[in-house]
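Asks: Okay, predicted coordinates and the sequence, questions at the end:
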Amino acid sequence: MRKLRRSPIDSPSARRRRFSPLVLVGVIVSLAIALAGGVVFLLPRIGSHAAAAVNGDCSLIVPAQPLTAQGLATPYQMVATNPANGPCNEANADQAAFVQAAVIDPVTGQISIYDPLVIDKGTQPAMPPIVPKLPGRGIVGIWFGSNGNTLTLQGTGTSLQDGHCVNGVGDSIFGQVSYCNSPAFFKAANAAIQAGKLVSPPLGRAKDGLPCPTSRDFALVDQDQSDNVTTTYLVTGNGQTAQMTAANMAALQNDNVQVQHNGSDERLLAIALDGALGCKPMMAPDLADPGQMVTALPLNELQAAAHQAAPVALVPARDPMVLMNGLPNLNKLNAYRVGVDQSKVQSLNAASTKIYCTNLLAIGPQRLLLDAHLTKAAPSPDPAAANTLFTFLAQRFVFTFGADGLNCTKWLGVPDPVSVKTDRNGEAIDATINGTTIYTPVDCSVNGTVMIGCTGTTTINGQACSFVFNGKAHQVDITCPAAK
């Protein structure tokens, strides 16, 4: 049983976990009846309070010709992998599945994003999906994510073969993630980069003075990096779903609509951490929402591949999603890696978990400590799990470093440098790093000029004075030029 709860942004492993409503509170219990073709289907109504046990193992029915414009615009249908374990409903935050597609024009190198919709089998979407306009000879890749335990792709006729879809290796699925035609998409994207047609934007500098993080930065990764997607959907009060577009938001404004996110490493980077550090993720046009630019898993991975400095975090042999019967498996490891544009390895030793843990220990806690004054001022991705982004990241590191994650404590023979304090409900409320208590930062107002975190330079009586928040001493150090 997993001890770290799923968040709208963070990524867990494919193993069993404890469920909690993290995006849409109280999604399940009372049921609304939707009629379709004379058959009665049940949708979860948002806003109820009691909750039954949730089936965490769901499947998506992949529509015919999934790589075509019509296939992308045909909703994926959610069903229970084993109906005996209970139903699966897309409106339930603990079961929700998400789909993200990208298309590259090999002639121009332009990438566009399209997020196909997920609905419950037998129901109708709240708004019909937009049929995307794809470039001629465009190459489409599709990625999947889930807030449940596992997500399995099921075919419509030959749709899995037509889409070159990969659940895992044989009967051993990755868990929450899968993909269709991803290697072909990345091959075309990398060819466009080599030809100078596609340019991945530079990372830039974060507010802490270091390069902005990527999905392959040991300051960010966890036990199962590069998983899930940045897709968001709209969910109405009666449990129907729609694509996240400005037009749909306007059309559904009277339907008690809420936004549903996939709990993902990719979203943690592109939305939460980049926002706190003043960084900008790679973005591309949204084919479903003209004029809008959006983030996406393939964009994050392309930017990481282009700009992440050594050491580069790549999926290790003991990532829970690439294990087979609890043991490392080279074929499954490589199958996962190529789905996120990472190089294959010839042996499991070349994807050493011990080396991964060594780099994680050397980089993760230090960046966490350096950025504490920024992340403590940022909201938690999951208020039920942690009270700030800082404690959320600290709790995530502890889980990854410990026996329930990669078991780095055993591999390295050292204790976890991060310690998390929780309240009676299990919410992380404080943390120490290498024995250093991290205090909540404060802002300074000097003659009406506000400095976030009491850090920066401002003028006092005609003098340019610098302010630095000293976390160890829990004080603000102010330096002004000597009077002449």
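Replies: Everything's here; your move. Numbering: from 1, shown residues only.

Asks: quick one, what contacts Val229?
Replies: 98-100, 143-145, 262, 264, 266-267, 296-297 (CB atoms under 8 Å, 6 or more residues apart in numbering). Any C-beta I mention is one placed from the backbone N, CA and C, and that applies to glycine too.

Asks: now it, what's its secondary structure?
Replies: coil (DSSP: H, G, I helix; E, B strand; the rest coil).

Asks: can you check the one 4 residues further on too?
Replies: Using three-state DSSP, the three-state assignment for Tyr233 comes out as strand.

Asks: Quick check: bridge partners of it?
Replies: Beta-bridge partners of Tyr233, counted by DSSP bridges, are Gln243, Gln260.

Asks: Let's see which of the contacts of Val229 end up in helices.
Replies: Assigned to helices by DSSP state H, the following of these qualify: 266-267, 297.

Asks: By neighbours, which of these wins?
Replies: The residue in the ones in helices among the contacts of Val229 with the most neighbours, by other CB atoms under 10 Å, is Leu297 (33 neighbours).

Asks: Show me which of the ones in helices among the contacts of Val229 is closest to Tyr76.
Replies: Taking CB to CB as the measure, Tyr76 lies nearest Leu297 of the ones in helices among the contacts of Val229, at 16.4 Å.

Asks: wait, isn't that closest one in contact with Val99?
Replies: No. Using CB atoms under 8 Å, Leu297 is not in contact with Val99; the gap is 10.9 Å.

Asks: who touches both of those two?
Replies: Joint contacts of Leu297 and Val99 (CB under 8 Å, 6+ apart) are 143, 229.

Asks: ok so, going back, could I get the contacts of Val229 in CSV, plus columns for pLDDT?
Replies: Below are those laid out as CSV (pLDDT from 0 to 100):
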residue, pLDDT
Phe98, 98
Val99, 98
Gln100, 98
Trp143, 98
Phe144, 98
Gly145, 97
Asn262, 94
Ser264, 90
Glu266, 96
Arg267, 95
Ala296, 98
Leu297, 98
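
Asks: Tell me the buried residues within those.
Replies: By neighbour count, with 16 or more other CB atoms under 10 Å, the contacts of Val229 hold 98-100, 143-145, 262, 264, 266-267, 296-297 as buried.

Asks: quick one: the closest residue to Pro202 other than its chain neighbours from Ile363, how far?
Replies: Leaving aside its sequence neighbours, Pro202 sits nearest to His307 (CB to CB, 6 or more residues apart in numbering; 6.4 Å). For His307, the distance to Ile363 (CB to CB, to the nearest Å) stands at 16 Å.

Asks: sorry, back to before: now flag whichever of the buried ones among the contacts of Val229 is closest to Pro129.
Replies: Val99 (10.7 Å).

Asks: If the closest one is in a bridge, with which residues?
Replies: Phe144.

Asks: correct me, but it touches Tyr76?
Replies: Yes. Applying CB under 8 Å, one finds Val99 in contact with Tyr76, separated by 5.7 Å.

Asks: one step back: okay if I get the buried ones among the contacts of Val229 as a markdown table plus distance to Phe392?
Replies: Below are those laid out as a markdown table (distance: CB to CB, whole Å):
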| residue | distance to Phe392 |
| --- | --- |
| Phe98 | 20 |
| Val99 | 26 |
| Gln100 | 23 |
| Trp143 | 24 |
| Phe144 | 24 |
| Gly145 | 19 |
| Asn262 | 16 |
| Ser264 | 14 |
| Glu266 | 16 |
| Arg267 | 13 |
| Ala296 | 23 |
| Leu297 | 20 |
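
Asks: Got phi/psi on Ile130?
Replies: The phi/psi pair for Ile130 (degrees, to the nearest 10) reads phi -70, psi 130.

Asks: What is the nearest of the buried ones among the contacts of Val229 to Val398?
Replies: Using CB to CB, Ser264 comes nearest to Val398 of the buried ones among the contacts of Val229, at 19.6 Å.

Asks: Identify the spatial nearest neighbour of that closest one, chain neighbours not counted.
Replies: Closest to Ser264 by CB to CB, 6+ apart is Asn228, at 3.1 Å.

Asks: got the contact list for that neighbour?
Replies: For Asn228, the contact set (CB under 8 Å, 6+ apart) comprises 11, 98, 145-146, 176-177, 262-267, 297.

Asks: Distance check, it against Thr150.
Replies: Distance of Asn228 to Thr150, given as CB to CB: 13 Å.

Asks: hey, what's in contact with both of these two?
Replies: Gln176.

Asks: what's the weakest-modelled helix or strand in the protein?
Replies: strand 31-36 (a mean of 32; mean pLDDT, DSSP states H and E).

Asks: All the strands of the stretch 1-150 of the chain, in order from the start?
Replies: Secondary structure of the stretch 1-150 of the chain, counting by DSSP state E, counting those that start in this stretch: strands at 31-36, 39-44, 57-61, 76-80, 97-104, 111-114, 118-120, 139-146, 150-154.

Asks: Could you find the residue nearest the spatial middle of this protein?
Replies: Nearest to the geometric centre of the chain sits Ser264, at 1.9 Å (CA atoms, centre = their mean).

Asks: on that earlier part again, name the nearest of the contacts of Asn228 relative to Asp404.
Replies: Ser11 (14.1 Å).

Asks: show me where the stretch 251-400 of the chain has strands.
Replies: Under DSSP E, counting those that start in this stretch, the stretch 251-400 of the chain gives strands at 258-261, 284-285, 293-294, 323-324, 327-328.

Asks: For Gly168, find the nearest of those.
Replies: Closest among the strands of the stretch 251-400 of the chain, using CB to CB: strand 323-324, at 8.4 Å.

Asks: Which phi and psi values does Asp217 adopt?
Replies: Here is the backbone geometry of Asp217 (degrees, to the nearest 10): phi -100, psi 130.

Asks: Now for it, how many residues are close by?
Replies: By other CB under 10 Å, neighbour count at Asp217 equals 24.

Asks: do Thr231 as well
Replies: Neighbour count of Thr231, defined by other CB under 10 Å: 32.

Asks: picking up where we left off before, nearest to Asp217 among the contacts of Val229?
Replies: Among the contacts of Val229, and counting by CB to CB, the member closest to Asp217 is Glu266, at 12.8 Å.

Asks: mind listing what the spatially closest residue to the closest one that is not a sequence neighbour touches?
Replies: Leaving aside its sequence neighbours, Glu266 sits nearest to Leu297 (CB to CB, 6+ apart; 4.7 Å). Residues counted as contacts of Leu297 (CB under 8 Å, 6+ apart) are 100, 143, 226, 228-230, 264, 266, 340.

Asks: Would you format those residues as JSON lines with distance to Val131 included?
Replies: Formatted as JSON lines, those follow (distance: CB to CB, whole Å):
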{"residue": "Gln100", "distance to Val131": "17"}
{"residue": "Trp143", "distance to Val131": "20"}
{"residue": "Ser226", "distance to Val131": "30"}
{"residue": "Asn228", "distance to Val131": "26"}
{"residue": "Val229", "distance to Val131": "21"}
{"residue": "Thr230", "distance to Val131": "22"}
{"residue": "Ser264", "distance to Val131": "26"}
{"residue": "Glu266", "distance to Val131": "26"}
{"residue": "Val340", "distance to Val131": "28"}
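
Asks: what number of residues lie near the closest residue to Ser159 other than its chain neighbours?
Replies: Spatial nearest neighbour of Ser159, excluding adjacent residues (CB to CB, 6+ apart): Val62 at 4.5 Å. Neighbourhood size, Val62 [other CB under 10 Å]: 27.
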